[in-house]
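Engineer: Take a look and give me a structure for this.
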Amino acid sequence: MEYMNTTHLDGVQPEGIQLPPELANMELVLQQFSELFESEDDPDIVPIRIDLKWCSPKVVLLSQLLFEYYKQDFQGIIFVEQRHVAACLSKMLPRIPPLELYFKSAQLIGHGASSVQKSQVRGMALKSQQEAVKMFRDGECNLLVATSVAEEGLDFPACELVVRFDPIQHMVGYIQSRGRARQKAATFVVMVQEGQLSHVERYKAFSESEPQLRLVYQNREDLPKPVQDDELEEGEEREDPLDLLERERYVVPNTGAILTYNTSIGLLNHLCSLIPRDRFTPIHLPQYSGEFEATLQLPSSLPLPKEHLTFIGPAKRTKKEAKRAAAFMAVKRLHELGVFDDYLLPARSATGDNDDADGRPIGDVSHVPDMMDVVVRDPWTRGQKLWLHVIRLDGLPSAGLITGSILPSGDLVCNGTHVSSEDARLVDFDEEDESDQRRQLEEFMRMGLWWCITGRGITLPLTCFLVPITPELNVDWDALEFALKYPFGVEDWSMVGEEHCGTLLMMSSKEHGRPLLLKRIRSDLTPLSTPPPGSREAAAKTYRDFYMMKYTRRGIPPDIPKEGYCVEAVPFPRHTSTVYTLDGSSVTANKMQPTSTHIYPVSLCRWAPLSPDVYRTFRVLPELSHRLTDLFRARAIRAELALPPIQDDLMVQALTLPSANAGFNNQRLETLGDSVLKLCTVVHLFNRFPHRHEGQLDILRRNSVSNRTLLARAKEVMLEHFLTSEPQTMRIWRFALSGEVDLSDPMPDRFVSRRMPKRSLQDCMEASLGAGFATAGISMALRVGTALGLGFGGPLPWPARYDRQPETPVAVMFNDIQEILGYEFKSGHLLIEAVTHPSFRSPTNSSYQRLEFMGDALIDLVVMRYLYNKFPTATSGQLSWARSRAVCAPALAHIAVNVLALHRPLLINNIELSMAISKYVPILQETSEEEIIHSGWKHDPPKAISDVLESVLGAVLVDTHYDFEKTSVVAENVLRGLLVVLSPDMPRDPVSELMVWIARQGCMKISFQKSQSQSTMKRNDSMSIIVHDFAVVGPIPAQNISLAKGLAAERARQVLEDPDSPYHLSKICDCKEEREALIAREAAELDEAKKLDDETVEGFAALARAALAEVEALPNALDSGQRGADDGEVIDDDEDDVGEDSDEDCTDDGATLGGDDMMDVDLPHVNGKVPNGHCNGHASLPMANDVDKRGLTH
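Structural biologist: Residues are numbered from 1 along each chain as shown. Presented below is the predicted three-dimensional model:
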């Protein structure tokens, strides 16, 4: 044991210690077989070939990989953890057939201890390392087996294959070795033993963090370069063996991630590189002082207690080792505080993390198709039990609605009539005649649909039945039986009198499917009477002659008696839309109702055996069925997902997709819910990770609110089962079973097949949050989000969940701010933190960045709720655009300076920033609210001014113990000057305005072009606009490229519109000939609008057309939504010409309810097929979503 404890450093035997007898005997045995593994001629080669049967499965697999990826000029690296493994593999691999024909290997390991002389696994001398590297570069060997020494700092050619032979222990090793496989066709292989799930999870975590790390490294180019560990000393400082002997390793138990001295400094640097900073703040770096006992000082921007910002390491024998020891202590403690996660990462990828804000895994949604075939809850079905629901019109019972489900009670307004349904009661069939009675229900429903709604027959089994009822509110079987004797109408007019005028439904026997309403009985007219001049019938001498010509088919005239009286009728307007409103108002019809009347000989007419109550109820059935379906799904989702009591209308709205054309949809609530989701997530992260800085929290937030997370959670709760996507029109009668459904099945099928885009699930998740928030504020939104699986930290209200901040006195310097806010702080230290810029190093508090992170989400929701409530008819796009005007940096800076004067108490330790603020404050003071809202893109104040406003309002939320309602009153009062300027029809920024104008003019050859105002600059800062190869404007320089783009767009619009300009668009544009072909190509491109680039001619044209489509759609969006599809459609015969041909048979025998003249029927149920799918009708356009902090479109 003593030997083992003293020789774990590379197997070195210290002086004065004898080998145990067992090891001495083993050495003698090995010497007897030394000729098998030692060559006297060349000690660096194995004298015999090595059969793969002798090797471990891992070495066998490695050999197979090498053979598989070998090609001419191959070069590869195998990374191992231990030196003796590198030595062994480098000698073994070239002696394994057939690898010996293709590979020549070398090893590359670290220097090791200088006292080691003879060991085979001692460290390599610097000269030996250089020789191995040179051989690999020159191609003398094509396979390098190396330890971590080859991960960074050496210039190697690009490799075709990089293999991690041992599991990856830390992020630094992954990133550095991964970088060796930098060829486009290179392969990076990590070998993990089967069943080692912790190693797999660790690799996934590192892999998912790679995009974020790549971004960090890319951004390093413009930052001051941190001093590398190896550059700290002028001379080479070798590691002391005793220091190495004293090193520790920290292993995270549940992931197996390993922290070592070698990786600690890199991890701290990466943590600090993620701290957000403006252009006035230098890069945040840990500071080391001392020599052989290092003191580590972390940046004060890290939100850590004072005692955890400074670490004093143990005494070491080298300066480098002292720094590593201090860094090791810091990383270990920061992991315990939650700053580093269990994979020893400060933050994982914002787009690839597999956990949400609660640490719950996020499911894989890569397999979910863009268009999903789903099954949706639906109450309309058949079954052994049928339920009768009494329908009331203006409070009076009019008919009964029967289906196989218990429908929710509901009400709505249709054409000024209040319609309501009552609780269900079981239909009491006669035991002997039940089958006949069920048949009567079906036949009567077909008849009623033919007369009142469809005008065509339906053959598939129906799932709902409208029936007449008795005064006792039961099914009136006698009325059903009488009506079914005359499905096409009663010819006997002896039962009709003057009392039926205005209420009797009738139809010409020669014009099936065109119902009429009896207006008068014209006893004063006969078929031989002369029509009055100007009437439709005046085309003939008599009424009889007119109809003889009109109804003659294939040379066969109709039989019209000369005797009898006539009747006067008006067309009965068919009502085929299912659109209703949520505010109780009536939907305005698309088409004007006809007022003309027609005279018919009574012998041509039949009257419908339907009471006025029944046909009036048939007329409102489309809207009523839509409303009851919506309520059924809304209450089903509340019950099945344990949602809180969200208002019915809001829940209905949240579940309705734009493709339904229902007169309302979930887009407004989705926009509101997006802000709710952001704030709820931010508050939870702020409290769950009190020691993580803003950069870390922002990555966690973006992952938690990403579409990937929303989609995964929606699939987990099966949200798709409750969404409404059906187009609201009765051109297709959807309340029917498919022919494949087994009608004898005793279990009713309450699902229908639908097709919808996966984007709908993400929208409905946010819309449901918005519905909960609109019902009862943040408290209900937390309950909704928790029920939907979102990472909100649970349903408990914030004040009950989080501790209050300790009360501390408020400095006198903040009295004026408190007075303007109308709020007195209880915790004065929050105000100090809220005005502390990251450049100001404070021994007692952190910078304002975490509070700014909170305030940003708070302001976003306060503004959105204000707009949502103030403009109830604004579209989601209008709400988003108006919000972006109020929350952009210039607008918030305007409030910070002119309302709260926050530039005065701002604690800054940066002369350039102080001068920049002093320079910009007068500009903001002279700018009005209207100007900053409409032309904020022209302003670029220092970010610190807007940041401090966000942090102060964030501090209010924390100080109120997370009372959102109280905080929102304070915030809304502060922002009042901006809010009153906002409106749904706000002007666009100049980039969007230029795109819309160009699209209207039809020009197809225009693009932006970046450039540098000075050749010495690293960044583009100027913008030109090229139209038909003419530089119409620019290059225009500005402080940043976004501002330059806006200025160039504004100027270009003026130049292109000026008739006196040589670049007037009409003088240089000749796009007319190419326009049609290009528009056809753009139709496909618009589906991928986010990939288009306005710095190309094609991209600008496509984006411009998209912008134009959005702008032109806004005025009609709500209007068309209210009207819906086909509402008020009237089948009128005013335009019928005398003697026109018709496919309808002129004989009575041609009438049928189930023949060739059959209506299209939706096949909705699970076993059937959906004939058409409908996708979400909105598109995310760049001008609506891609807006920077100044509010300028990218």
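Engineer: Every contact and neighbour count from this point should use C-alpha atoms.
Structural biologist: OK.
Engineer: Just to check, residue 851 is in contact with residue 836?
Structural biologist: No. Assessed by Cα atoms under 8 Å, residue 851 is found out of contact with residue 836, at 10.5 Å.
Engineer: How about the contacts made by the most centrally placed residue in the chain?
Structural biologist: Among the residues of the chain, the one closest to the centroid is residue 707, at 3.1 Å (Cα atoms, centre = their mean). Shown in contact with residue 707 (Cα atoms under 8 Å, 6 or more residues apart in numbering): residue 762.
Engineer: So what touches the helix or strand hosting residue 971?
Structural biologist: For residue 971, the element it lies in under DSSP states H and E is helix 964-974. Helix 964-974 is contacted by residues 778, 820-823, 858-859, 862-863, 895, 899, 953, 956-957, 960 when judged by Cα under 8 Å, 6+ apart.
Engineer: Name the residues of that helix that are buried.
Structural biologist: By neighbour count on 16 or more other Cα atoms under 10 Å, the buried set for helix 964-974 is 964, 967-968, 970-972, 974.
Engineer: a markdown table please, covering these and showing distance to residue 1051 and pLDDT.
Structural biologist: Conversion of the buried residues of helix 964-974 to a markdown table gives the following (distance: Cα to Cα, whole Å; pLDDT from 0 to 100):
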| residue | distance to residue 1051 | pLDDT |
| --- | --- | --- |
| 964 | 44 | 95 |
| 967 | 42 | 96 |
| 968 | 40 | 95 |
| 970 | 40 | 95 |
| 971 | 37 | 95 |
| 972 | 36 | 94 |
| 974 | 35 | 94 |
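Engineer: Specify which member of those is nearest to residue 284.
Structural biologist: Closest to residue 284 out of these is residue 971 (31.7 Å), distances taken as Cα to Cα.
Engineer: Isn't residue 191 up against residue 163?
Structural biologist: Yes. At 7.4 Å, residue 191 counts as touching residue 163 under the criterion of Cα under 8 Å.
Engineer: if we can go back for a sec, higher neighbour count, residue 851 and residue 836?
Structural biologist: residue 851 (28 against 25; other Cα atoms under 10 Å).
Engineer: Looking at the chain, which strand is longest?
Structural biologist: When the chain is parsed with DSSP state E, its longest strand is strand 417-426.
Engineer: So what touches that strand?
Structural biologist: Contacts of strand 417-426 (Cα under 8 Å, 6+ apart): 385-395, 406-413, 624.
Engineer: Which residues are in contact with the residue of the chain most remote from its centre?
Structural biologist: Here the chain reaches farthest from its C-alpha mean at residue 563, the gap being 72.4 Å by Cα atoms, centre = their mean. Counting by Cα under 8 Å, 6+ apart, residue 563 touches 526-528.
Engineer: As a markdown table, those residues with pLDDT and neighbour count would be great.
Structural biologist: Formatted as a markdown table, the contacts of residue 563 follow (pLDDT from 0 to 100; neighbours: other Cα atoms under 10 Å):
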| residue | pLDDT | neighbour count |
| --- | --- | --- |
| 526 | 92 | 22 |
| 527 | 90 | 24 |
| 528 | 92 | 18 |
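Engineer: Out of those residues, the closest to residue 1066 would be?
Structural biologist: Of all the contacts of residue 563, residue 527 has the smallest distance to residue 1066: 66.8 Å, by Cα to Cα.
Engineer: Could you pull up the residues touching that closest one?
Structural biologist: 542-544, 561-566, 601.
Engineer: What of residue 791?
Structural biologist: When contacts are taken as Cα under 8 Å, 6+ apart, residue 791 is in contact with 356-360, 681, 684, 704, 785.
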